[in-house]
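# Provided below for reference: sequence and predicted model.
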Amino acid sequence: MFDVTEYETTFSAGDPVAQLRVGVAELATEDHADATTYGLSQRVIDLLEIRERLDAELARVAAVWQRRRAWEADGALSPVAWLKHRAPVAAPEARQLVKKAKIIDAAPRLAAALRSGRVTSAHVGALARVVSDRRRPLLAEHDEVLAKQAERLSIGDFTLVARRWAAIADDHLADESHDEHHPRNELRAAVTMDGWIDGTFRLHPISGAKFLGVLDHLAPPDPIDAPDGVRSLAERRGDALVDLAGWYHQGAKPSANPPNLDVVVDVATLDGASPDLAKGRCDLEGVGPITRATLEQLSCGATLRRIVMAGDSVVLEMGRKTRFATPAQARAVRIRDAGCIFPSCDRPVRWCDIHHIDEFSKGGHTDVAKMCCLCTRHHTLVHNSEWTIIVNSDGSFRVCHPTRAP
């Protein structure tokens, strides 16, 4: 069990934490009724700066605590469980602290910048939100460049860099291990006490961009003089979602054309070169950084406009909106395949994308014989793994994996 006596003997009476406790107690006795406006503003800034340094030190100590598995001494099954039981924190905050601790352990250059104050705890927190167990082994390799970016960028700008790094890491991992167990789309819903439906969802970048794009297309901003008032963005999207469900129940579909998708991609990324984390881009408009595999998947059949950049200011190509398979071609492919061609999949054509067997961005032709139907799940799998599709001499398709028996 956790031994308070051992703790007290480890840290002397001059322990800085003990001094902080005294200081905080004194702060609690302050009366701000007569403080000047400037004085109050400065106090807020001072306390935020102190809190930042405390957060940084907490993460640094937690890194050693996590590495030594000190939480096991108390019989806890995990560091998060220990923190929830022993400290005044909820599960999300406990998980975030453990993630920060693991990052500091895996990235010594970033840890040194945090300790010196050149990087804030919020920078490490931004990285913690995208560093999964699968991506963490790559941190050491990119430690220096991430630390340099964190030192010079604001929290908001570094958050984008962290997301871009995560996309690059996923491309690297896909090339190295061909991991086929990608996170799946999720939607969680529950009925509240007042009968409303409350929930959360997590969607793949392509699925999310399509979903939000359709909702925003179906429910554009209200005019100022709308009879029932101007709805917020969240309210408009909620109403559009209900409309979609209503159309489905009525067996009808919205008649308006679907929204288009814009991808801004740096020429180096397009060519397969290692992109600059700060300036290199492969971004889906309204979503942010995506992997090159996701870009290839989008290129198969979305109404896509590709904007090729050299750095962050020079536009090399402003592609026109192009539907790579014409409506007639798509209809022919759907009639021929009648659904997803992946073995054992029975999803109908209305749930399928048109897949270019020879990647369009690498010179593949938009021919009916070189296209097939894949449901979104298997379309994602083919673009992110070693599964391939071969056209047989009779025009049929064979789906194969190099390490699996046919």
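Received it, and whenever you're ready, just let me know what you need.
# my read is His355 is in a strand, agree?
Yes: under DSSP: H, G, I helix; E, B strand; the rest coil, His355 falls within a strand.
# Report the separation between Gly199 and Asp337.
34 Å (C-beta to C-beta, to the nearest Å). For the C-beta atoms, the positions are set from N, CA and C on the backbone; glycine is no exception.
# Same check on Val17?
Val17 sits at a distance of 66 Å from Asp337 (criterion: C-beta to C-beta).
# swap in Ser78?
From Ser78 over to Asp337 (counting by C-beta to C-beta), the distance is 47 Å.
# got it, and Lys84?
Distance from Lys84 to Asp337, counting by C-beta to C-beta: 51 Å.
# phi, psi of Cys340?
With angles defined as degrees, to the nearest 10, Cys340 sits at phi -60, psi 130.
# ok, it touching Thr376?
No: the pair Cys340 / Thr376 is not scored as a contact, 9.3 Å apart, by C-beta atoms under 8 Å.
# what about the stretch 1-150 of the chain, any weak spots by pLDDT?
Within the stretch 1-150 of the chain, the ranges that satisfy pLDDT under 70 run 1-13.
# how about 90 then?
Where the stretch 1-150 of the chain drops to pLDDT under 90, the residues are 1-35, 39, 71-77, 85-87, 89-92, 105-106, 128-143, 145.
# contacting residues around Leu374?
Residues in contact with Leu374 (C-beta atoms under 8 Å, 6 or more residues apart in numbering) are Cys340, Ile341, Phe342, Cys352, Asp353, His355, Val382.
# now swap in Trp165 and tell me
Shown in contact with Trp165 (C-beta under 8 Å, 6+ apart): Leu127, Val130, His142, Leu146, Leu277.
# Now do the domain split for the protein, please.
As given by automatic domain parsing, the domain ranges for the chain are 33-177, 187-249, 261-323, 327-400.
# Let me see the mean pLDDT of the third one.
When the per-residue pLDDT values of domain 261-323 are averaged, the result is 65.
# Need the residues touching each of Cys340 and Thr376.
Here Cys340 and Thr376 have Trp351, Cys352 as joint contacts, going by C-beta under 8 Å, 6+ apart.
# Look at the two and report which has more neighbours.
Taking neighbours as other C-beta atoms under 10 Å, Cys340 and Thr376 compare with Cys340 leading, 24 against 18.
# Against His378, how distant is that one?
Taken as C-beta to C-beta, the span from Cys340 to His378 is 6 Å.
# Return stretch 206-221 as PDB; C-alpha atoms alone will do.
Extracted C-alpha coordinates of stretch 206-221, given in PDB (Å, rounded to 0.1, in the frame of the first residue of the first chain):
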ATOM      1  CA  ILE A 206     -13.500  10.900 -45.600                       C
ATOM      2  CA  SER A 207     -16.700   9.800 -43.900                       C
ATOM      3  CA  GLY A 208     -16.600  12.800 -41.600                       C
ATOM      4  CA  ALA A 209     -16.100  15.200 -44.500                       C
ATOM      5  CA  LYS A 210     -18.900  13.700 -46.500                       C
ATOM      6  CA  PHE A 211     -21.200  13.700 -43.400                       C
ATOM      7  CA  LEU A 212     -20.600  17.300 -42.400                       C
ATOM      8  CA  GLY A 213     -20.600  18.500 -46.000                       C
ATOM      9  CA  VAL A 214     -24.000  16.900 -46.600                       C
ATOM     10  CA  LEU A 215     -25.500  18.300 -43.400                       C
ATOM     11  CA  ASP A 216     -24.200  21.800 -44.100                       C
ATOM     12  CA  HIS A 217     -25.400  21.600 -47.700                       C
ATOM     13  CA  LEU A 218     -28.900  20.600 -46.700                       C
ATOM     14  CA  ALA A 219     -29.200  23.200 -44.000                       C
ATOM     15  CA  PRO A 220     -27.300  26.400 -45.000                       C
ATOM     16  CA  PRO A 221     -27.300  29.500 -42.800                       C
END
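# What mean pLDDT does that stretch get?
85.
# from the middle of its chain, how far away would that stretch be?
18 Å (C-alpha atoms, centre = their mean, to the nearest Å).
# surely Ala126 meets Leu160?
No: between Ala126 and Leu160 there is no contact under C-beta under 8 Å: 9.1 Å.
# Which one of those two is surrounded by more residues?
Applying other C-beta under 10 Å to Ala126 and Leu160 shows that Ala126 carries more neighbours, namely 22 against 17.
# show me the contacts for that one.
Ile155, Phe158, Thr159, Ala162.
# give me the element it is part of.
Applying DSSP states H and E as the criterion places Ala126 in helix 121-128.
# Next, the angle helix 121-128 makes with the helix or strand following that helix.
Next helix or strand after helix 121-128 toward the C-terminus (DSSP H and E): helix 139-152. Using axes from the mean of the first three to the mean of the last three C-alpha atoms, to 10 degrees, the direction of helix 139-152 lies 140 degrees away from that of helix 121-128.
# Which strands and helices lie in contact with helix 139-152?
Applying 3 or more C-beta pairs under 8 Å, 6 or more residues apart in numbering; DSSP states H and E, one finds that helix 139-152 contacts helix 91-106, helix 108-116, helix 121-128, helix 155-177.
# Now do it and helix 155-177, the angle between them.
On the basis of the same axes, to 10 degrees, helix 139-152 is oriented at 160 degrees to helix 155-177.
# re the thing from before, what would the domains of the chain look like in CSV with distance to Glu26?
Below are these laid out as CSV (distance: least, C-beta to C-beta, whole Å):
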stretch, distance to Glu26
domain 33-177, 13
domain 187-249, 42
domain 261-323, 43
domain 327-400, 57
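# Indicate which one of the ones you listed is closest to Leu27.
Nearest to Leu27, of all these, is domain 33-177, at 8.0 Å by C-beta to C-beta.
# so how far is that closest one off the chain centroid?
Centroid separation for domain 33-177 versus its chain: 17 Å, with C-alpha atoms, centre = their mean.
# is it true that Gly199 lies in a helix?
No: counting by three-state DSSP, Gly199 is not found in a helix; it is strand.
# If anything else comes up later, I'll come back, but that's it for now.
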